[in-house]
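J.: build the 3D model from these lines:
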Amino acid sequence: MDMMTEDAAVRPQEDRTVLLVEDDSTIAEEIVADLTARGFHVRHEANGKAGLDRALTGEADVMIVDRLLPGMDGLSVIESMRQQGVRTPVLVLSALSAVDDRVTGLKAGGDDYLTKPFAIEELVARIEALLRRPDDTRATRLRAGALEMDLIERRVWRDGREIELLPREFRLLEYLMRRPGQVLTRSMLLEDVWQYRFIPRTNLVDVHIGKLRRKVDAPSEEPLIQSIRGTGFLLRVPD
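T.: Predicted coordinates:
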């Protein structure tokens, strides 16, 4: 199954279950209320052991796990579930923002890392990105609408027209193609494409998106790369 078909088969939000493992009741209530309002089913556990037990049932489509938990810390929860074959994508929440702390969280088996305090819109964007992540990230050829990308030969086409990209532009477009239709914030792009572990005040993302858009979207073609005012960008894949 190609990438476009996989993404087209993604279930709607109201069928998605989020497992939240968070002991701070104020933060948990805010997350549960916001995700529920957006149509997600949310299961909440307030300690690590209960969170692990729930994770092992396999009912969750995505997890949000606080790093510091009573009973069993968040990283131990993730390591244990990975050892038992549970591949549910996990967003790690933590008040620890140092690079080493982020690396430790990802090495434990987390898929993304968000530091406290955070904007709820940022958390939702990251959760939605994890839900749209393809199951087989080892694929060597990506398809998203009119776009096709060969990851081995590092070549890109739109409806048969080859697009010459610089290395950073290629990486940026790959990131977009793996998440078609998903709103991606500037901080997500800076962290995941540029590997920044702090968020500088810069227009770097906007400059590169502008250059990429001029190559991908020819004047006579329907625009695929779109700006979402005040939020970020998305790759639109027409129905």
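J.: quick one, domains of this protein?
T.: Domain ranges of the chain: 3-132, 141-235, per automatic domain parsing.
J.: give me whichever of those domains is most buried.
T.: Greatest average neighbour count among those goes to domain 3-132 (a mean of 18), per mean count of other CB atoms under 10 Å. Heads up, the C-betas are built off the backbone N, CA and C, glycines and all.
J.: how about the helices in the protein?
T.: Taking DSSP state H, the helices of the chain run over residues 3-8, 25-37, 48-55, 74-83, 99-107, 120-132, 167-177, 186-192, 204-216.
J.: name the residues that touch stretch 103-111?
T.: Contact partners of stretch 103-111, identified using CB atoms under 8 Å, 6 or more residues apart in numbering, comprise 65, 67, 75, 78-79, 81-82, 89-92, 94, 113, 130, 133.
J.: out of these, which one has the weakest pLDDT?
T.: The weakest per-residue confidence within the contacts of stretch 103-111 falls on Arg133 (69).
J.: distance of Arg229 from Tyr175?
T.: Arg229 is 20 Å from Tyr175, where distance means CB to CB, to the nearest Å.
J.: how about Leu166, phi and psi?
T.: phi -80, psi 160 (degrees, to the nearest 10).
J.: now do it, the pLDDT please.
T.: Taking Leu166 on its own, its pLDDT is 93.
J.: repeat for the one 4 residues further on
T.: The predicted local distance difference test score for Phe170 is 92.
J.: then stretch 156-176 to PDB, C-alphas only?
T.: What follows is stretch 156-176, C-alpha atoms only, in PDB (Å, rounded to 0.1, in the frame of the first residue of the first chain):
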ATOM      1  CA  VAL A 156      11.200  14.200  -6.200                       C
ATOM      2  CA  TRP A 157       8.500  14.500  -8.900                       C
ATOM      3  CA  ARG A 158       5.100  16.200  -9.200                       C
ATOM      4  CA  ASP A 159       2.900  14.600 -11.800                       C
ATOM      5  CA  GLY A 160       6.100  13.400 -13.500                       C
ATOM      6  CA  ARG A 161       7.800  16.800 -13.400                       C
ATOM      7  CA  GLU A 162      11.100  16.400 -11.500                       C
ATOM      8  CA  ILE A 163      11.800  18.900  -8.800                       C
ATOM      9  CA  GLU A 164      15.400  19.800  -8.000                       C
ATOM     10  CA  LEU A 165      15.800  20.300  -4.200                       C
ATOM     11  CA  LEU A 166      18.600  21.200  -1.900                       C
ATOM     12  CA  PRO A 167      19.300  18.800   1.000                       C
ATOM     13  CA  ARG A 168      17.400  20.900   3.600                       C
ATOM     14  CA  GLU A 169      14.500  21.400   1.200                       C
ATOM     15  CA  PHE A 170      14.300  17.700   0.600                       C
ATOM     16  CA  ARG A 171      14.200  16.900   4.300                       C
ATOM     17  CA  LEU A 172      11.500  19.600   4.800                       C
ATOM     18  CA  LEU A 173       9.400  18.200   2.000                       C
ATOM     19  CA  GLU A 174       9.900  14.600   3.300                       C
ATOM     20  CA  TYR A 175       8.600  15.800   6.700                       C
ATOM     21  CA  LEU A 176       5.500  17.300   5.100                       C
END
